[in-house]
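>>> Sequence first, then the predicted structure, then my questions.
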Amino acid sequence: SQTIHQWPATLVQPVGSPLSLECTVEGTSNPNLYWYRQAAGRGLQLLFYSVGIGQISSEVPQNLSASRPQDRQFILSSKKLLLSDSGFYLCAWTRDRVSPLHFGNGTRLTVT
Amino acid sequence: DAKTTQPNSMESNEEEPVHLPCNHSTISGTDYIHWYRQLPSQGPEYVIHGLTSNVNNRMASLAIAEDRKSSTLILHRATLRDAAVYYCILFVGNQFYFGTGTSLTVIP
């Protein structure tokens, strides 16, 4: 069966510090991968998606970036965090447009 | 740019059916309609999805209008564990577009 791992679960970082969140998927190959962010009390905002190694599409211009160094690994990064980067970050994967989207447990990031 | 619109909140009595509506007037012929629900501090959970025909699974039913511009998620007997935010989503291209969702309150 397929599983998705996302870590860390919680993170407190000062403004201006770097960020690296990692997501890995097991039990499938060539998944479509997604990073979403959810501000407190709000819906999910799509940040990045990837349909293959090295292929990244950005939905919202900001100080975040994403990379996919391996087929089942998706990394969200920032060189310098802003207060507005605080939120609940969710990684997700799907096999194709016909299949459901599966989410990780999320990372709650607080930028202080 | 939300591609779906849903009521912000709804209430239901426990053990009664719940009909959660969603409008997606800009849907194209190949866009799948997905429904997910989210509990506090958790990632969204898949509920059901479909393209044109009505769909049933152990969690819920999905009724899709003939013109596909709207759909309804049906929970046949609401339980307290069904209290969550329900999202109606379109899969367009390679992207899932989430709206703001409907917060469902289940009254004992």
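Nice, thanks for sending it over.

>>> which residues does the closest residue to chain B within chain A contact?
Closest approach between chain A and chain B, counting by C-beta to the nearest C-beta: A:Phe103, at 3.3 Å. C-beta: built from backbone N, CA, C; applies to glycine. Applying C-beta atoms under 8 Å, 6 or more residues apart in numbering or on different chains, one finds that A:Phe103 lies in contact with A:4, A:90-92, B:43-45.

>>> nearest residue to it other than its sequence neighbours?
Excluding its sequence neighbours, the residue lying closest to A:Phe103 (C-beta to C-beta, 6 or more residues apart in numbering or on different chains) is B:Gly43, at 3.3 Å.

>>> who's in contact with that neighbour?
A:90, A:92, A:103-106.

>>> These into CSV, with extra columns for pLDDT and secondary structure?
Listed next are the contacts of B:Gly43 as CSV, based on pLDDT from 0 to 100; DSSP: H, G, I helix; E, B strand; the rest coil:
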residue, pLDDT, secondary structure
A:Leu90, 95, strand
A:Ala92, 95, strand
A:Phe103, 93, strand
A:Gly104, 93, coil
A:Asn105, 91, coil
A:Gly106, 94, coil
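
>>> Which entries within the residues you listed meet the buried criterion?
Neighbour-count burial (16 or more other C-beta atoms under 10 Å in any protein chain shown) is assigned, among the contacts of B:Gly43, to A:90, A:92, A:103-104, A:106.

>>> Which members of those are the farthest-apart pair?
A:Ala92 and A:Gly106 (9.9 Å; C-beta to C-beta).

>>> Any idea how many residues pack against the residue lying closest to A:Thr3 once chain neighbours are set aside?
Excluding its sequence neighbours, the residue lying closest to A:Thr3 (C-beta to C-beta, 6+ apart) is A:Glu26, at 4.9 Å. A:Glu26 sits with 10 neighbouring residues when counted by other C-beta atoms under 10 Å in any protein chain shown.
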